[in-house]
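Asker: compute the structure for the input listed below.
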Amino acid sequence: MSGNTKTLKLRIKSVDSTLHLTKAMGLVASSKMRKANLAMAAGRQYEAAVQNVVDLLTASPDCQSSPFMREFKDGGKTRLIVIAGDRGLAGGYNANVFRTVRDFGEAEIIPIGKRACERYGQKIVSSEKFYAADAFKLAKELCEQFAAGEFDRLGIVTTNYISMMTQTPDIKWVLPLTKGQNVKNTAAVFEPDERTILDIAVPEYLSGVIVACVRESFASEVAARRMAMDSAGKNAQQMIDELQLEYNRARQGAITQEITEIVAGAGN
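Answerer: Model (predicted):
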């Protein structure tokens, strides 16, 4: 019986250590949440602004001959920018991203985030420390390669932040560009012409989309980790309560047995 109480005591101590860890990670995630949300909101605003400009340009007949608007045909080569986290312990965040890539099928992968880089065997690129300059460098290279015909379609596997409770993986297709729909009449005049401005603007547009996706994915990761740590903390506390109850019963049983043995010995 004493061996059983000792084992239970060790288990309680082990789970208690885990509980302290989950609480600490939850607090770290909470401290990052506000900054991540502000960065996500700024990224969304910038993406919307450059998207409006691109929609104006692509609605022009002159831009239909741009290499960035060539039609994608079945069998064309696809590239996917895959944005995952730098760390685990974020519920199904990373797994959902990788499942989306797997379900899509064959594609050339450009990973952002340590977990994605490790999975696809490429140089480590942090998602938390992926800045606008990094995005523009990547966007410029991809635009040059797309215009040269090295691939035919570009998508970004990102995670949409719906709420603290819900984050959903998705593929956002960015190249080739599609014709702007429902564009309101505008007095904007592009010099020297729409086609030239579009070709110049596309790297800036793609850079803005990449930054927005990285920031939204990071906010989703932080939210997922906070919820996962909250859930793990509750489960750990419940386990401690159950083990403590079992320990008390075992200890009470051991004491009762000892008393019984003493009484029996005294009777002899």
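
Asker: Lys172 and Arg153 touch, don't they?
Answerer: No - with contacts counted by CB atoms under 8 Å, Lys172 stays clear of Arg153, the gap being 11.9 Å. Yep, even glycine has a C-beta here, placed from its N, CA and C like the rest.

Asker: now Asn160: phi and psi?
Answerer: Main-chain dihedrals, Asn160, degrees, to the nearest 10: phi -80, psi 130.

Asker: okay but it is in contact with Ile171, surely?
Answerer: No - assessed by CB under 8 Å, Asn160 is found out of contact with Ile171, at 10.8 Å.

Asker: which one's more surrounded, the two?
Answerer: With neighbours defined as other CB atoms under 10 Å, Asn160 and Ile171 compare such that Ile171 has more, 18 against 14.

Asker: tell me the secondary structure for the more buried one?
Answerer: strand (DSSP: H, G, I helix; E, B strand; the rest coil).

Asker: just the pLDDT at it, thanks.
Answerer: Looking at Ile171, its pLDDT stands at 95.

Asker: in this structure it contacts Thr159, no?
Answerer: No - counting by CB under 8 Å, Ile171 sits too far from Thr159 to count as a contact (11.0 Å).

Asker: what about Gly155, which SS state?
Answerer: strand.

Asker: now the helices for the stretch 101-250 of the chain?
Answerer: Applying DSSP state H, counting those that start in this stretch to the stretch 101-250 of the chain gives helices spanning 114-119, 132-147, 194-267.

Asker: deepest of the ones you listed, which one?
Answerer: helix 114-119 (a mean of 20; mean count of other CB atoms under 10 Å).

Asker: what about that one, average pLDDT?
Answerer: 93.

Asker: ok, residues contacting it?
Answerer: 82-88, 94, 97-98, 109, 111, 123-127 (CB atoms under 8 Å, 6 or more residues apart in numbering).

Asker: go with 7 Å
Answerer: Here helix 114-119 makes contact (CB atoms under 7 Å, 6 or more residues apart in numbering) with 82-86, 88, 94, 98, 111, 123-126.

Asker: check those and tell me the two furthest apart.
Answerer: Gly88 and Lys123 (19.8 Å; CB to CB).

Asker: these two: who's more crowded?
Answerer: Set Gly88 next to Lys123 and count neighbours by other CB under 10 Å: Gly88 wins out with 13 against 6.

Asker: does Tyr46 touch Gly208 like I think?
Answerer: Yes - at 5.1 Å, Tyr46 counts as touching Gly208 under the criterion of CB atoms under 7 Å.

Asker: what packs against the helix or strand where His20 lies?
Answerer: Per DSSP states H and E, His20 falls inside helix 2-58. Counting contacts by 3 or more CB pairs under 7 Å, 6 or more residues apart in numbering; DSSP states H and E, helix 2-58 is packed against helix 194-267.

Asker: may I have the beta-bridge partners of Pro111?
Answerer: Going by DSSP bridges, Pro111 is paired in beta bridges with Val82.

Asker: thinking again about what came up before, worst mean pLDDT among the helices of the stretch 101-250 of the chain?
Answerer: Lowest mean pLDDT of the helices of the stretch 101-250 of the chain: helix 194-267, a mean of 83.

Asker: now do that one against helix 132-147, angle only.
Answerer: Angle, helix 194-267 to helix 132-147, by axes from the mean of the first three to the mean of the last three CA atoms, to 10 degrees: 120 degrees.
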